[in-house]
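Participant: Give me the fold of what follows.
(one chain, ligands or ions: 1)
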Amino acid sequence: MHPDVQEILISEEEIAGKVRELAAGISEDYRGKSVLMVGIIKGAVIFLSDLIRYIEVPVNIDFMAVSSYGKVSKSSGVVKILKDLDQSIENRNVIVVEDIVDTGLTLKYMLENLTTRKPASLKTCTLLDKPSRRKVKVVPDYNGFTIPDKFVVGYGLDYAENYRNLREICVLKPEVYTKG
Ligand code: 5GP
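Facilitator: This next block holds a predicted model:
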């Protein structure tokens, strides 16, 4: 275990099993169609790359990078697009892939924005869901794990850009946050 980790919330094996389960569900639901998976950079990158390898319908991928505009907009849900999609999603079956849904503001913004681009269908898939922190009503169509209100890292999720490479979903030791 990494020395900064206090607790492993979800093991590598549990994640791998869940990724296959989610991919099987998506393959079933989109049988006879193709799907465009839109990953949100950077947190969803590892999840997306594992997920697509178990999806059995034709898959394309694209990425968006977003950030909230600072404190005020964190509560208002204004999100800035730092990198937009490379391709049109008109008439495509789109699944937005997130690492975690927390307040729901990011996902709500993404859904509103992408809806205006007229996809054939638009769904959401998240590895983790923290429903206790929700500020707006969004329910992911596919969810890996519902977790308690704890800040987690690993499997793509960071703290100050670190720990994305951990293979498990972890909670850090409190002193990590006070180290400066
Ligand atoms: P929301 O807009 O739903 O509040 O936030 C979603 C984003 O906040 C996620 O994509 C992620 O970047 C970040 N986030 C929320 N909770 C956590 C957490 O527990 N750990 C990490 N590393 N990021 C989180």
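Participant: Could you use CA atoms for every contact and neighbour count after this?
Facilitator: OK.
Participant: number of nearby residues for Thr124?
Facilitator: Here the number of neighbours of Thr124 (other Cα atoms under 10 Å) works out to 20.
Participant: out of everything not next to it in sequence, what's closest to it?
Facilitator: Val96 (4.7 Å; Cα to Cα, 6 or more residues apart in numbering).
Participant: Tell me if I am right that that neighbour is in a helix.
Facilitator: No. Using DSSP: H, G, I helix; E, B strand; the rest coil, the assignment for Val96 is strand, not a helix.
Participant: Around the ligand, pick out the residues from this protein.
Facilitator: The chain comes close to the ligand at residues 43, 99-106, 150-153, 157-159, as judged by Cα under 6 Å from any ligand atom.
Participant: Would you mind checking those for buried ones?
Facilitator: Neighbour-count burial (16 or more other Cα atoms under 10 Å) applied to these gives 43, 99-106, 152-153, 157-158.
Participant: Tell me how far Gly104 lies from Met110.
Facilitator: Counting by Cα to Cα, to the nearest Å, the gap from Gly104 to Met110 is 10 Å.
Participant: which stretches of the chain form helices?
Facilitator: In the chain, the helices defined using DSSP state H lie at 12-29, 45-52, 71-76, 105-115.
Participant: which one of those has the lowest average pLDDT?
Facilitator: Mean pLDDT is lowest for helix 71-76 among those, at a mean of 58.
Participant: Would you map the strands across this structure?
Facilitator: Under the criterion DSSP state E, the chain carries strands at the ranges 5-10, 35-41, 59-68, 79-83, 93-101, 121-129, 142-146, 152-153, 169-172.
Participant: Include mean pLDDT when you put these into a markdown table, please.
Facilitator: Below are these laid out as a markdown table (pLDDT from 0 to 100):
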| stretch | mean pLDDT |
| --- | --- |
| strand 5-10 | 98 |
| strand 35-41 | 97 |
| strand 59-68 | 93 |
| strand 79-83 | 91 |
| strand 93-101 | 98 |
| strand 121-129 | 98 |
| strand 142-146 | 98 |
| strand 152-153 | 98 |
| strand 169-172 | 98 |
